[in-house]
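Trainee: the sequence and its predicted three-dimensional model are supplied below.
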Amino acid sequence: MAGISGKVVAVTGASSGIGAATARLLASRGAAVVLGARRIERLDQVVQEIRDDGGLAIGCGADVTRRPDLRRLVAAAVAEFGRLDVLVSN
């Protein structure tokens, strides 16, 4: 993951499992992460854990089967961090 520091990365399926682990790892390496998932309550917990560890993170409810949700995820990244560099479609 060389060069990930300072990048803005969106991760879908980030409320648990591999998605949450990926978001945590990216944030620990200096990326700003935008977490997307359907389970909002769990998503908010992961975002808070990342922030508590000093990372930059926001959450956005998103169902990847719904195109408007994905547009909202990208828009959230741009609104909060000015851009989106990477999308991890988990």
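Mentor: The structure has been received and is ready for your questions.
Trainee: can you pull out the strands in the protein?
Mentor: Listed in chain order, the strands of the chain (DSSP state E) span 8-12, 32-37, 56-61, 86-88.
Trainee: burial measure for Ala62, as a count.
Mentor: 26 (other Cβ atoms under 10 Å). Heads up, the C-betas are built off the backbone N, CA and C, glycines and all.
Trainee: now swap in Asp69 and tell me
Mentor: 16.
Trainee: contacts only, for it.
Mentor: 36, 61-63 (Cβ atoms under 8 Å, 6 or more residues apart in numbering).
Trainee: drop anything exposed from those.
Mentor: 36, 61-62 (16 or more other Cβ atoms under 10 Å).
Trainee: and which of the residues you listed is nearest to Arg72?
Mentor: Ala62 (6.6 Å; Cβ to Cβ).
Trainee: name the nearest residue to the closest one, ignoring sequence neighbours.
Mentor: Gly36 (3.6 Å; Cβ to Cβ, 6 or more residues apart in numbering).
Trainee: ok so, going back, in TSV, list the buried ones among the contacts of Asp69 along with pLDDT and distance to Ala14.
Mentor: Formatted as TSV, those follow (pLDDT from 0 to 100; distance: Cβ to Cβ, whole Å):
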residue	pLDDT	distance to Ala14
Gly36	98	6
Gly61	96	11
Ala62	96	9
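Trainee: from the residues you listed, pick the one nearest Asp52.
Mentor: Nearest to Asp52 among these, with distances taken as Cβ to Cβ, is Gly36, at 19.9 Å.
Trainee: hang on, isn't that closest one packed against Arg66?
Mentor: No. If you go by Cβ atoms under 8 Å, Gly36 and Arg66 don't touch, sitting 11.0 Å apart.
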